[in-house]
Each structure stands twice: as C-alpha cells, then as structure tokens.
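Asker: Structure for this input, please:
(2 chains)
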Amino acid sequence: MSEHPQHPQHSGGTGGWFDRPENVNRFLRVFYVLCALVLFGELLFHKHAVHPLEDWFGFYPIYGFAGIVLLVLLAKLLRKLVMRPEDYYDA
Amino acid sequence: MTLESLHPALIFFAGALLLLVLPARLRLLVGLLTPVLGLLPLLFLEHGTDLQFGLFDYTLSPLRVDRLSLLFGYLFHIAAFIGVVYSLHVKDRVQQVAALAYAGSALLAVFAGDLITLFAAWELLALTSVFLVWARRTERSFRSGLRYLIWNVLSGVILLAGILAYSHQTGSIAFERMTLDGFGTWAIFLAFGIKCGFPLLHTWLTDAYPASTPTGTVFLSAFTTKTAVYALARGFPGTEELIYIGALMTAFPIFYAVIENDLRRVLSYSMINQIGFMVVGIGLGTELALNGAVSHAFNDVIFKGLLFMSMGAVLHVTGKINGSELGGLYKTMPRTTILCLVGAASISAFPLFSGFVSKSMVMAAALEQGHDWLWLVLLFASAGVLEHAGIKIPYFAFFAHDSGIRAKEPPRNMLVAMSIAALLCILIGSFPDTLYALLPYPVEFVPYTLTHCVTQVQLLCFAALGVVVLIRTGIYPPELRSINLDFEWTYRRLGAGVWRVAWPAGLAAYQLGLALLRAVVDVFIALIHELVGRRGALARTLPIGISALFAALMLAVFLLVYIF
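Answerer: So this is what the prediction gives:
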C-alpha cells in the first residue's frame, strides 16, 4: 500500500477494474448465469418443504425479487415524506 | 476471594482504573490484557450463584453462572478484545477508560442474579458509554450524547420503579422469568425495551451511534442492545407481545436503511432489524427459538462489529461517511473492501457465513409453530438485510461511482481487528457446532441441508438481481445529502416547538398569577391597615376627657340599674 499517498487526494478515477463498462457487463453476465443456475437447480432434487408455499417452483426467487423491488419503491415514497436538508435540526 | 468466584466485571473495572493513571504505552498493554485475563476465570466458573452478600434486608447475588450468562460472558470478552485491538492507535485516555468500564458494566449486567445488581449495571452502561459519544468532541456529538444519556438513564429509572413494585409484590429481588401481569413487570419490560431499541423507543440508537468516534461506535454496537436482548431472554422468554414487537423491528428499519445517507446510520437501522430477529425468537420461546435468538446475538455482535469497523476505517482515513461522498475506494483499500464484504455476506446469511446458521433457527421456529405471516415478514426482512447491509454498504463505500478519493488502508491494528472478526464469521458459519456447543439448550437443528442452502441462495441472488435491475434502470434512489425524519422529530422538533410556545406562555401566566396574588394580598393588607393601622378604628387613642365622660356615664347607668 506504500505507493499510495499519505492523505486522501482527489483525482480522476483510473486503473480500477470496474471503471471499464465491459468489465461491469462481464461481471453481471456471470451473475445472471448464476441466478439462472440456482433457479433451475431446485429441479434437480426434492425440496423438503415445511410450508406449502415452499413447494412452488421459484417461490424463494420470486419472493426475494418482488420483496426487494417493493421495498425500494416504498422507500422512495417514504423519502418524499421524511427527507429533509442536512441542517434541518440545526436551523 | 478465589479464582472460582472472581467476578469478570471486576477485572474490567480494575483495568479501567489503571488506565486512569498509566502512561500511554502501558495503557495499550493493560487494555489488551484485560479481556484476556477476564476470560481466564470464566473458564473456571462453576454453575450456580456462589457469590452472595447482604445489602440491608436483601441478598445480592452478582455472579449467577449458567449456560445463558456464560455465553454472553464469552461474547463480551471477545467483543472487548476486538474493540481494543481496533482502537490501539487511539491515544485518547477518555475513550480507553470508558470502553473498558463500559464492557465491565455489560458483564455485571449479564451475570447479575438479582434485580438490584442489574439496575446498578443498567445505569453504569449508560454513564460509561456516553463518553464514547462525547469523545468525538463536536457540538453535534455532544447534543446526541445528551439525548442518548437521557433515554438510557430514563430506562434505568423505569427499571428501578418496576423493580420496587415487583419486589413489593413478590417479596423477591431474584432476576428470574417474569410474566406481564402488573405495573412492576410491565415497567421492567419497558426498561428492557428502551435499551433493546423497540419501535418508537429506538431513536437514541440511530441518533448517537453514528455520532460517536470511529472506534467508539464499535464498542457501542456490541454491548448495550445485546445486554438488553440477554435481559429479555432471561426475564421474558415466550412472551407473545415480543413476537409482534420483533416482527415490527425487523421490517420498519429496512425502509429507512434504503434512503439513509450516513452509512453508519444505515448500520444502526440494520442493527434494529437484526435485534428484531432476536426479539421474535425470544417471543416464540421454544428451545429452538431461544437458541436462535441468543446465537444470532452472538453472531450479530461480531458481523455488525465488523461492518461498523469497516465503515469506521473509511471514516478514519477519508473523514467522510456519507454514501453521497464516497465510492471507488476498492482501488486503494482492497483489504478493507474484502473484510467488509465478509461482514456483508455474514449479515445477509449466505451459506458458510455466520448469519446463516443462527437466523435460520428463528425462521424455522416461526414455521414450526405455525406463524405463517410472521415467517413471510421475516423472509421479507431477510431480503431487506441483503439490500442495505449486503449491497448498499459495500457498494456505495467501495464501488459505485468513483469519488476521486484515494485513501490508503487504515492502520494495521484496525485491519487485524477486522480480520479476527471476519475469521470468526467464517469459522462459525462453516463449523456451526463451535457455537452450538455453547448454546443454552441442546441443538438438534441442522443448518446445512441441501434445501436450506439452495433456497437461501435463491432468495439472496434474486433479491440482489432486483437491486441490479433497479440500479441499471435508474429507479434505485440515489444517495442524497439529507437526513430523514424519524420518531425523534416528536421531541427534537414538535416537543421543542411546543416548548418554545409553552415556555413564554407559561411564563406570562405565571407573572399574571403573581400579579393577581399580589393584588389580593395588597387589598388584604390595606384592610388590616384600615382596622389596626395608625389611624385605624381599633388603634385610635381617645382624649382623657372623653374617657372620664365614658366612665361617668357607665357609673350613672350602674347607679340607675342598682336603684330600680
């Protein structure tokens, strides 16, 4: 780490692997393949379901995906209600 | 006093006293040795309450040793050691003394066999830890610290009121299982709830934890709330109210975590969310659920500590902690990035990381008891954890857009402390029996089944996919320089506003009342003056002639009466 300056400095971003859009796309493609694999992976074995919902194909993936999207959309609405400037309590 | 009855808290208090007087170099040594020396007697302690002494009519038993108290005892020693290593570069005596005394207070609380000792520890927790907030030495942290102190001391006062009522009713001060059936137990429950961060009583946490020093927050995150979780597990297991309170705690903070800019405040909301899982487990009250609750407390101290340490490291080297000002740090801080990702994977409960083996016990217990809706809420909250702690924290600090900051890695001791925590996360996650062996009840739960692993990875991958889609489509809310109103608005704005109106109004009313009273008194005095004053009717002096005439008249009347 010694080649880095002693104190934080501001400069243009260069040299990071994620700075190149094609690398980001490569990373995401691997991720999408992984998602597909775990989705269809459940067909390869018998699930030990405790709850009837668990027996449905793709219950966990759909619940996780829909849950997150709903969470973020509701949080955006919440922001309209509660967001204030940083010095709100100082004023 | 033999080694078998040496209270671990005493070692920490002795260490804190030594730090008050020792020079800087020796302070480091004492700081490091204290948690190590404290752990030694813990290994020799025998189950039971051997250490007892009388106070007035009561018998105090400050050292109750059983599997539950020992588990938290081990945990707090580990947390104190990691915290001390993390703050070795800090030369501030106030923080060093406060940290050890704070850890000692937490140990005093978890080994307390009676409610009076618990109360003393409860107040000590507040009084010692507030210095870690004030140690930031800014106006904002001072005010945050004051609010923190008010809430936490209030919790102690309510606890005392509850203990008085409870001991009057039952004639016992033993700290045992209670039921919510009267003022006493409800007050004790409420006092635990404040320190546990129950909804609406949680604002001291999200207010003060982000205001503390980079190292102070690591200590704060370990002790107060987990002591409260212990107290609930000891006093109120199987209390149904806790299921609903806990479910609320898992769900509401994740919305705030999405939109919060201060990354340490994101972690504070995340902390309430994680405590929610523990509270649900305590409320469910079965052996599986209680094992899940306390093992999750154990894991949370370590992985949440790791996340707070990684964000503390970012704050330490860049001076910034807002998501809107950070990004791209992975280029110059790769080790911190990887350590943060281990914490993120652990809290998100990826297989092979610690959260996976403890949170799933609570989920399984919820299903086992037929709480379907509860299970769905917990599942939603689990996906939410991945969003804010698993993705948002590392993404906005280390990746996202390049902020241009080229900060180097934090001091070596910080990296060592984070590495210890990361190793523990992986160790417990990969070999859960190491933790399961310490739990209060025998563990039959098997976390690593094919179904459990695959479904959990499915949930997390597709939740992450949801975030990716939202970010790529620009729907994901950007980090903005802002704060978000929470319940604290009621006392910081509404209360303050009411006070600003009420104070002059009250003052005017007081002055009006005073004037009225003075007028009444004036009239009264004037009346008396009229009667007995210098010229008053009763105080008038009569000339001697008139007196003689009165006497003569009296005599004449007397004579006439006598004659007839």
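Asker: Which helix in the chain has the most residues?
Answerer: In the absence of a named chain, this looks at chain A. Looking across chain A with DSSP state H, the single longest helix is helix A:59-82.
Asker: my question was about chain B
Answerer: Assignment by DSSP H gives helix B:495-532 as the longest helix of chain B.
Asker: Check which element follows that one along the chain.
Answerer: Downstream of helix B:495-532, the first helix or strand assigned by DSSP states H and E is helix B:544-563.
Asker: and that following helix, how far out from the chain's middle?
Answerer: 92 Å (Cα atoms, centre = their mean, to the nearest Å).
Asker: Quick check: the gap between residue B:129 and chain A.
Answerer: Going from residue B:129 to chain A by Cβ to the nearest Cβ, to the nearest Å gives 22 Å. The C-beta positions use only the backbone N, C-alpha and C, and glycine is treated the same way.
Asker: Do a quick rundown of the strands in chain A.
Answerer: A:83-84 (DSSP state E).
Asker: In it, where is pLDDT below threshold?
Answerer: A:1-14, A:91 (pLDDT under 70).
Asker: Now do the residue of the stretch 51-200 of chain B found nearest chain A: how many residues are near it, please.
Answerer: Nearest residue of the stretch 51-200 of chain B to chain A, counting by Cβ to the nearest Cβ: residue B:140, 8.2 Å away. Residue B:140 sits with 12 neighbouring residues when counted by other Cβ atoms under 10 Å in any protein chain shown.
Asker: I figured it was touching residue B:208, is that so?
Answerer: No - in this structure, residue B:140 is not within contact of residue B:208 by Cβ atoms under 8 Å, at 10.5 Å.
Asker: got the phi/psi numbers for residue B:300?
Answerer: In terms of degrees, to the nearest 10, the main-chain angles of residue B:300 are phi -60, psi -40.
Asker: quick one, what contacts the nearest residue to residue A:48 once chain neighbours are set aside?
Answerer: Spatial nearest neighbour of residue A:48, chain neighbours left out: residue B:451 (4.6 Å); criterion: Cβ to Cβ, 6 or more residues apart in numbering or on different chains. Residues near residue B:451 by Cβ atoms under 8 Å, 6 or more residues apart in numbering or on different chains: A:45, A:47-49.
Asker: now, which of those sits nearest residue A:37?
Answerer: Residue A:37 has its nearest neighbour among these in residue A:45, at 13.6 Å by Cβ to Cβ.
Asker: close enough to count as contact, that closest one and residue B:455?
Answerer: No - using Cβ under 8 Å as the test, residue A:45 is too far from residue B:455 to be in contact (11.3 Å).
Asker: and the two? which has more neighbours close in?
Answerer: residue B:455 (23 against 10).
Asker: Just checking, which helix or strand of chain B averages the lowest pLDDT?
Answerer: Within chain B, no helix or strand scores below strand B:53-55, which has a mean of 79 by mean pLDDT, DSSP states H and E.
Asker: Would you mind listing the buried residues in stretch B:319-328?
Answerer: B:320-324, B:326-328 (16 or more other Cβ atoms under 10 Å in any protein chain shown).
Asker: typed the wrong thing, it's stretch A:48-68
Answerer: Of all the residues in stretch A:48-68, those buried under the rule 16+ other Cβ under 10 Å are A:59-61, A:63-65, A:67-68.
Asker: Would you mind measuring the gap between the ends of it?
Answerer: Start-to-end span of stretch A:48-68 (Cα to Cα, to the nearest Å) is 25 Å.
Asker: can you list contacts of that stretch?
Answerer: Stretch A:48-68 has contacts (Cβ under 8 Å, 6+ apart) with A:35, A:38-39, A:42-43, A:47, B:364, B:367-368, B:372, B:375-376, B:379-380, B:383-384, B:386-387, B:449, B:451, B:455-456, B:458-463, B:465-467, B:470.
Asker: buried subset of these?
Answerer: Buried members of those, counted by 16+ other Cβ under 10 Å: A:35, A:38-39, A:42, A:47, B:364, B:367, B:375-376, B:379-380, B:383-384, B:386-387, B:455-456, B:458-463, B:465-467, B:470.
Asker: now, which of those residues lie within helices?
Answerer: Among the buried ones among the contacts of stretch A:48-68, the residues falling in helices (DSSP H) are A:35, A:38-39, B:364, B:367, B:375-376, B:379-380, B:383-384, B:455-456, B:458-463, B:465-467, B:470.
Asker: and the helix or strand hosting the residue nearest to residue A:48 with helix A:59-82, angle?
Answerer: According to DSSP H and E, residue B:451 maps onto helix B:450-472. Calculated by axes from the mean of the first three to the mean of the last three Cα atoms, to 10 degrees, helix B:450-472 forms an angle of 40 degrees with helix A:59-82.
Asker: Tell me how far helix B:450-472 lies from the chain's centre.
Answerer: In terms of Cα atoms, centre = their mean, the centre of helix B:450-472 is set 32 Å apart from its chain centre.
Asker: Please apply the same query to stretch B:11-27.
Answerer: Computed by Cα atoms, centre = their mean, the chain-centroid distance of stretch B:11-27 equals 25 Å.
Asker: Return the set of buried residues in that stretch.
Answerer: Of the residues in stretch B:11-27, B:11-16, B:18-19, B:22, B:27 count as buried by neighbour count, 16+ other Cβ under 10 Å.
Asker: Those residues also near chain A: which ones?
Answerer: With Cβ under 8 Å from any Cβ of the partner chain as the criterion, these include none near chain A.
Asker: Output the residues you listed as CSV; include the columns pLDDT and secondary structure.
Answerer: Formatted as CSV, the buried residues of stretch B:11-27 follow (pLDDT from 0 to 100; DSSP: H, G, I helix; E, B strand; the rest coil):
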residue, pLDDT, secondary structure
B:11, 93, helix
B:12, 95, helix
B:13, 96, helix
B:14, 95, helix
B:15, 95, helix
B:16, 96, helix
B:18, 95, helix
B:19, 94, helix
B:22, 92, coil
B:27, 93, helix
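Asker: will you turn these into TSV that also has distance to residue B:83?
Answerer: Formatted as TSV, the buried residues of stretch B:11-27 follow (distance: Cβ to Cβ, whole Å):
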residue	distance to residue B:83
B:11	16
B:12	12
B:13	17
B:14	18
B:15	13
B:16	13
B:18	17
B:19	14
B:22	19
B:27	14
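Asker: out of these, which one sits closest to residue B:506?
Answerer: Distances from residue B:506 to those, taken by Cβ to Cβ, are shortest for residue B:16, at 43.3 Å.
Asker: mind listing what that closest one touches?
Answerer: Going by Cβ under 8 Å, 6+ apart, residue B:16 touches B:97-98, B:100-101, B:104.
Asker: ok, the residue nearest to residue B:468 when sequence neighbours are not counted to residue A:34 distance?
Answerer: With Cβ to Cβ, 6+ apart as the criterion, residue B:468 has its nearest non-adjacent residue at 6.6 Å, and that residue is residue A:28. Counting by Cβ to Cβ, to the nearest Å, the separation of residue A:28 from residue A:34 is 10 Å.
Asker: Also residue B:268?
Answerer: For residue B:268 relative to residue A:34 (Cβ to Cβ), the value is 32 Å.
Asker: More neighbours: which of the two?
Answerer: Using other Cβ under 10 Å as the criterion, residue B:268 and residue A:34 rank with residue B:268 on top: 28 against 14.
Asker: ok but that one is inside a strand, no?
Answerer: No - Residue B:268 sits outside any strand when classified using DSSP: H, G, I helix; E, B strand; the rest coil, being helix.
Asker: who's in contact with it?
Answerer: B:205-206, B:209-210.
Asker: Need the max-distance pair from the residues you listed.
Answerer: Within the contacts of residue B:268, B:205 and B:210 form the most distant pair, 9.6 Å apart (Cβ to Cβ).
Asker: Just confirm residue B:59 is within a strand.
Answerer: Yes - judged by three-state DSSP, residue B:59 forms part of a strand.
Asker: The helix or strand containing residue B:358 versus helix B:450-472: what angle between them?
Answerer: Assigned by DSSP H and E, residue B:358 falls within helix B:354-368. Per the same axes, to 10 degrees, the angle that helix B:354-368 makes with helix B:450-472 is 110 degrees.
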